[in-house]
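Asks: got a predicted structure plus its sequence, pasted below:
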Amino acid sequence: MTDHEFVLLGDALWLDFANTAASPSVGGDQIADPAAYHRWTKAVKLSSDVEGTSFDDVLRFRGRLVALASALSAGRQPPASTIEAINGVLAQFEGHHQLTRVNGAWRTRFRSARPPSALAAIAASAATTLSEPTGTVRQCAGADCTLFFADHSPQQNRRWCSFARCGEKLRVERRRGNRMTPVV
């Protein structure tokens with residue numbers, strides 16, 4: 001496994017998972033089989049659930065998350081089927097709520113009885129994005145990039161999944177274009 005096998009630029013676990021779907025930006029489906037899903041879970045430091053989860057369920061859940069990312073980046077409400085799918089996976093969590101102090105205030109937090117499965121961690125990431133919207137989900141503005149990312153910039157005006165990956169390309173193309181354009 002190489003360090004660059006998977007594109008991990010979404011700034012949220014669920015977006016990195018959604019970004020593995022077939023697209024020209026990543027060179028096709030990055031999780032085309034259970035072995036690739038296992039490698040992806042290891043790349044993002046999750047406990048692999050490839051043994052206990054149907055691969056068809058993994059792909060179906062990923063499709064729901066791609067629909068969610070598309071809806072949020074377009075400013076639409078999340079699809080009800082996606083919310084249902086996220087809640088279905090979250091229902092598999094075993095644990096309890098626990099009172100904790102966060103920044104001087106008391107909050108209740110869910111404490112898992114055991115480490116979550118990979119799909120449960122992905123579902124929790126999506127649920128956090130929906131319930132605590134501190135950023136905006138966007139689709140990269142790169143010419144041939146279709147990746148989604150969470151924009152946590154102060155002005156919520158980030159345009160690229162990564163400046164080095166897509167923003168720099170545009171800057172170079174503009175510079176080359178400016179040299180070729182005759183000055184009148």
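Replies: Sure, I can see it.

Asks: quick one, what contacts L59?
Replies: Neighbour list for L59: I31 [criterion: CB atoms under 8 Å, 6 or more residues apart in numbering]. All C-beta atoms are positioned from the backbone trio N, CA, C, and that covers glycine.

Asks: ignore what I typed, I meant R109.
Replies: With contact set as CB under 8 Å, 6+ apart, R109 has these partners: H97, Q98, T100, V102.

Asks: so how far is stretch 101-110 from its chain's centroid?
Replies: Taking the mean C-alpha point of stretch 101-110 and that of its whole chain, the gap between them comes to 26 Å (CA atoms, centre = their mean, to the nearest Å).

Asks: what mean pLDDT does it have?
Replies: The average of the pLDDT scores along stretch 101-110 is 86.

Asks: and that stretch, end to end?
Replies: Using CA to CA, to the nearest Å, the gap from the first to the last residue of stretch 101-110 comes to 13 Å.

Asks: give me the mean pLDDT for the longest helix along the chain.
Replies: Among the elements of the chain assigned as helix by DSSP state H, the one spanning the most residues is helix 55-73. Confidence over helix 55-73 (mean pLDDT, whole number) is 96.

Asks: also stretch 19-32?
Replies: 82.

Asks: buried residues in the longest helix of the chain?
Replies: Judged by neighbour count (16 or more other CB atoms under 10 Å), helix 55-73 contains these buried residues: 58-59, 61-62, 64-70, 72-73.

Asks: make CSV out of these and add distance to S81.
Replies: Output for the buried residues of helix 55-73, formatted as CSV (distance: CB to CB, whole Å):
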residue, distance to S81
V58, 16
L59, 15
F61, 11
R62, 14
R64, 6
L65, 11
V66, 12
A67, 8
L68, 10
A69, 14
S70, 13
L72, 15
S73, 18
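
Asks: of these, closest to Q92?
Replies: F61 (11.9 Å; CB to CB).

Asks: so that closest one sits right up against I122, yeah?
Replies: Yes: the pair formed by F61 and I122 meets the contact definition of CB atoms under 8 Å, at 7.4 Å.

Asks: what do the two both touch?
Replies: Shared contacts of F61 and I122, counting by CB under 8 Å, 6+ apart, come down to V89.

Asks: in this structure, which spans are strands?
Replies: Listed in chain order, the strands found in the chain under DSSP state E are 95-102, 105-112, 136-139, 148-151.

Asks: can you give me the helices in this structure?
Replies: 13-18, 34-43, 55-73, 80-90, 118-131, 168-180.

Asks: including distance to C161, could these go into CSV?
Replies: Rendered in CSV, the data for those read as follows (distance: least, CB to CB, whole Å):
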stretch, distance to C161
helix 13-18, 9
helix 34-43, 17
helix 55-73, 12
helix 80-90, 21
helix 118-131, 16
helix 168-180, 11
